[in-house]
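J.: coords below, sequence missing:
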C-alpha cells in the first residue's frame, strides 16, 4: 500500500516559495489501478516524481507497505519494487533496446521475451532489438520502449507519466489493451498520470489533482461522471453563446 | 621456440587487445614482444616477412582471398622500451580480409614504455578490408605508457575500408595521425573510440582525402574524458570530386577534463557533399535518473552509460 501523508513540495525560498504540491494526503491500496488526472500544471507529474524519489518533498511522509521511504534514494525505492515511466524518456547513445530491457529486467533477457514486451507496446520487435535508443528513434518509439522497460520488470507499483503522449491512436489502442492485460495477470498496483478517457474507463480509482491539492478522489465510477460533467458544462457554455447569437 | 617468452601477463594483454585466447591464433599472425619476435605464421594466401631496412613487417595478401584474418599484436611488458615499427599491408585486388592489430603495454617500472606503430595500407581494386586496432595500458609503475600510431591508407578504385580504433584505457599519452586517400568509388568508415583518465592526454589528427568520383567517407569519434585528462580531435575531410563525407565527434566530459573537437570539411569540388557535427557534454541527468529508476546506483549507472557510449 502506498500512503502519502501531508506531502508538500515547494520551489523557491521558504518566504516566497511556490507550492507545487500542497499538503496532499492520499492512499493507494494494493493491486488497484489508479488514474491521476487534472489540469495541466496542477502538480500531477510532480506527485509521481515524489513517489519515485526523483523529487524530495519539502514536508510530509511517503510510506510504502508501511515503511517510511521519504528519505530513500531513487534506486533504493526501485529495489522495493517501484517503477516509473518518464513522460519524456531519456535517449542513450550506444545502448540497444535489448540491453535497456535487460537492464530493466535485472538480467540478460532472452530474445523471445524482449520481443514479447515490444509487441505489447506495438513495436515490431525484430526491427528494434538491436537498435540504439538514440536520436534515430522517433518520440513515439522511445516512449513505447520506455513503457516496455516497466513491463520487463517485476514491480509492485508501476507509475506511468502520461503514457499516451506522443503515441499514435493505433498504438494507443494497443497500449490500453496492454494495461488491461497487466491488470488481469499481475497483482501490480498501477498509477497512471493521464487525461485519457479510455484509460479512466478501465481504472478502479481516479484522483483529481488541481493547484497542487487533491480536488477529488474515489472510485472511478463516481469520479468519472463528475469529470465528464465538468467537461460538458464547459462545452455547454460555449454552445450557449453560439445559440445566443442564433437567436 | 619463440613462444617461450610469453607470460600470463602477456596472455591477458592479448585477450584484451586482440580477443585472443592464446598463441598461435588461427591463420596468419605476427606477435611482437618487447621489440623481438615471439611467433609468426604465414599462410598460403597471406605472407608475412620482416623488413630488411628497418624494424617492422610486410604483410602481403593475395588477390581474391576471402574471409581470412591476420593478427599482428604487439606486447610490451618491460619498462623502458621505446620503439618505432613500420608495418606495410599490401592487399590484393578483390581480397576480403580482417586485420586485427593492437598494442598492450604492461609497465611496472619507472621508465617510459613507448610503441609508435607506423602502418601503411595499399588496398587494391575492389578489395574489402576491416582493420581493428585496440590500444591498452596497465601496470603499477610510474613509467609512462605511450603509443603514437600513424596510419596511411591508399585506396584503389572500388575498395572499401572499415577501420575501428579503440583506446580502452591506461595509455598516458597518445598522438594519433591518420591519412587516407580514396580513389573512385571507394568507401571508408573510420570509427575512433577513446577513453582517458587521470592526467592522460590524447590527440588525434585525421585527414581523409576524397579524390575519386563517388567516393564516400564516414569519420566518427566517440570519446570519454575523465579526471584531469585532455583530448584534442582534428578530423578533416577534403572533397575533391563528386563525393560524400560525414564527420561526427561526440564526447562525454567528466570531472575536470578538457576536450577540444575541431572537425573540418573542405570542398575543392562543387559536387562534394560534406557534413560535420560535433558535441561535447556531460552525462545527461535524464539518463542517470532513468537507470536509477531501474534500481541501479548512480556510480554503476555512469559506468553503463559510458560503456554503451564507447561500445
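T.: Now that the structure is in, tell me what you want to look at. All of these numbers come straight from a predicted model, not from anything done at the bench.

J.: and the residue nearest to residue A:93 when sequence neighbours are not counted, backbone torsions?
T.: Computed as Cβ to Cβ, 6 or more residues apart in numbering or on different chains, the closest residue to residue A:93 that is not its neighbour in sequence is residue A:134, at 4.9 Å. (Glycine included, C-beta is placed from N, CA and C.) The phi/psi pair for residue A:134 (degrees, to the nearest 10) reads phi -120, psi -160.

J.: State the number of residues packed around residue A:134.
T.: For residue A:134, the number of neighbouring residues by other Cβ atoms under 10 Å in any protein chain shown comes to 14.

J.: Contacts only, for it.
T.: Residue A:134 sits next to A:91, A:92, A:93, A:94, A:95 when contact means Cβ atoms under 8 Å, 6 or more residues apart in numbering or on different chains.

J.: Switch those residues over to TSV, and while doing so, append distance to residue B:41, neighbour count and pLDDT to every line.
T.: Formatted as TSV, the contacts of residue A:134 follow (distance: Cβ to Cβ, whole Å; neighbours: other Cβ atoms under 10 Å in any protein chain shown; pLDDT from 0 to 100):
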residue	distance to residue B:41	neighbour count	pLDDT
A:91	46	19	94
A:92	42	24	93
A:93	39	20	91
A:94	36	19	90
A:95	39	22	94
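
J.: Tell me which two in these are the farthest apart.
T.: Taking Cβ to Cβ as the measure, the contacts of residue A:134 reach their widest spread between A:91 and A:94, a distance of 10.6 Å.

J.: helix or strand for residue 100, which one?
T.: Using chain A. Using DSSP states H and E, the element containing residue A:100 is helix A:97-105.

J.: switch to chain B, that's the one I care about
T.: Going by DSSP H and E, residue B:100 is in strand B:96-106.

J.: Okay, angle between the following helix or strand past that strand and strand B:96-106 too, please.
T.: Remark: after strand B:96-106, the chain's next helix or strand is strand B:113-123, criterion DSSP H and E. For strand B:113-123 and strand B:96-106, the angle between their directions (axes from the mean of the first three to the mean of the last three Cα atoms, to 10 degrees) works out to 170 degrees.

J.: helix or strand right after strand B:113-123?
T.: Beyond strand B:113-123 toward the C-terminal end (DSSP H and E), the next one is strand B:128-138.

J.: Tell me what angle that next one forms with strand B:113-123.
T.: Using the same axes, to 10 degrees: strand B:128-138 against strand B:113-123 is 180 degrees.

J.: need the contact list for residue 195.
T.: Just so you know, I chose chain A. Neighbours of residue A:195 in contact, by Cβ under 8 Å, 6+ apart: A:37, A:162, A:164.

J.: wrong chain, I was asking about chain B
T.: With Cβ under 8 Å, 6+ apart, residue B:195 has these contacts: B:167, B:168, B:169, B:223, B:224, B:225, B:226, B:306, B:310.

J.: Residue B:253 is in contact with the fourth one, correct?
T.: This means residue B:223. No. Contact criterion Cβ atoms under 8 Å: residue B:223 and residue B:253 do not qualify, at 9.1 Å.

J.: Neighbour count for the two, which is higher?
T.: With neighbours defined as other Cβ under 10 Å, residue B:223 and residue B:253 compare such that residue B:223 has more, 26 against 18.

J.: Give the next helix or strand downstream of the helix or strand where that one lies.
T.: Taking DSSP H and E as the definition, one finds residue B:223 inside strand B:215-225. Per DSSP H and E, the first helix or strand lying C-terminal to strand B:215-225 is strand B:230-239.

J.: List the contacts of that next one.
T.: Counting by Cβ under 8 Å, 6+ apart, B:194, B:196, B:200-210, B:217, B:219, B:221, B:223, B:225, B:245, B:247, B:249, B:251, B:257-269, B:272-274, B:276 sit against strand B:230-239.

J.: that older thread, is the strand holding residue B:223 up against chain A anywhere?
T.: Yes. Shown here: strand B:215-225 in contact with chain A (Cβ under 8 Å from any Cβ of the partner chain) through residue B:222.

J.: separation between the residue positioned nearest the centre of chain A and chain B?
T.: In chain A, the residue lying closest to the centroid (Cα atoms, centre = their mean) is residue A:160, at 2.2 Å. Using Cβ to the nearest Cβ, to the nearest Å, one obtains 12 Å as the distance from residue A:160 to chain B.

J.: Secondary structure element holding that residue?
T.: strand A:157-161.

J.: Listing partners with orientation, what would you give for that strand?
T.: strand A:82-85 (parallel), strand A:189-193 (parallel) (DSSP bridges).

J.: in chain A, what spans have low per-residue confidence?
T.: Applying pLDDT under 70 to chain A flags the ranges A:14, A:184, A:186, A:231-247.

J.: what residues does it put near chain B?
T.: Checking chain A against chain B by Cβ under 8 Å from any Cβ, the hits are A:52, A:54, A:73-75, A:78-79, A:83-84, A:86, A:88-95, A:99, A:103-104, A:106, A:149, A:153.

J.: Next, find the distance separating residue B:191 from residue B:107.
T.: 27 Å (Cβ to Cβ, to the nearest Å).

J.: Show me which of the two is the more surrounded one.
T.: Neighbour comparison, residue B:191 and residue B:107: the larger count goes to residue B:107, with 27 against 16 (by other Cβ under 10 Å).

J.: Check the gap between that one and residue A:12 for me.
T.: 55 Å.

J.: And residue B:8, by the same measure?
T.: Taking Cβ to Cβ, one finds residue B:8 at 61 Å from residue A:12.

J.: Then residue B:231?
T.: Distance from residue B:231 to residue A:12, by Cβ to Cβ: 39 Å.

J.: helix, strand or coil for the residue nearest to residue A:174 when sequence neighbours are not counted?
T.: For residue A:174, ignoring the flanking residues on the chain, the nearest one in space by Cβ to Cβ, 6+ apart is residue A:122 at 4.2 Å. Using DSSP: H, G, I helix; E, B strand; the rest coil, the structure places residue A:122 in coil.

J.: Helix or strand next in line after whichever helix or strand residue B:153 is part of, which one?
T.: Following DSSP H and E, the helix or strand that holds residue B:153 is strand B:150-155. Counting by DSSP H and E, the element after strand B:150-155 in chain order, helix or strand, is strand B:160-169.

J.: Tell me who's in contact with residue B:107.
T.: Residue B:107 neighbours (Cβ under 8 Å, 6+ apart): B:76, B:77, B:79, B:113, B:137, B:138, B:139, B:141, B:143, B:144, B:145.

J.: I'd like to know which elements the longest helix belonging to chain B is packed against.
T.: The helix that spans the most residues within chain B, counting by DSSP state H, is helix B:298-310. For helix B:298-310, the elements it packs on are strand B:187-196, strand B:215-225, strand B:243-253, helix B:285-292, judged by 3 or more Cβ pairs under 8 Å, 6 or more residues apart in numbering or on different chains; DSSP states H and E.
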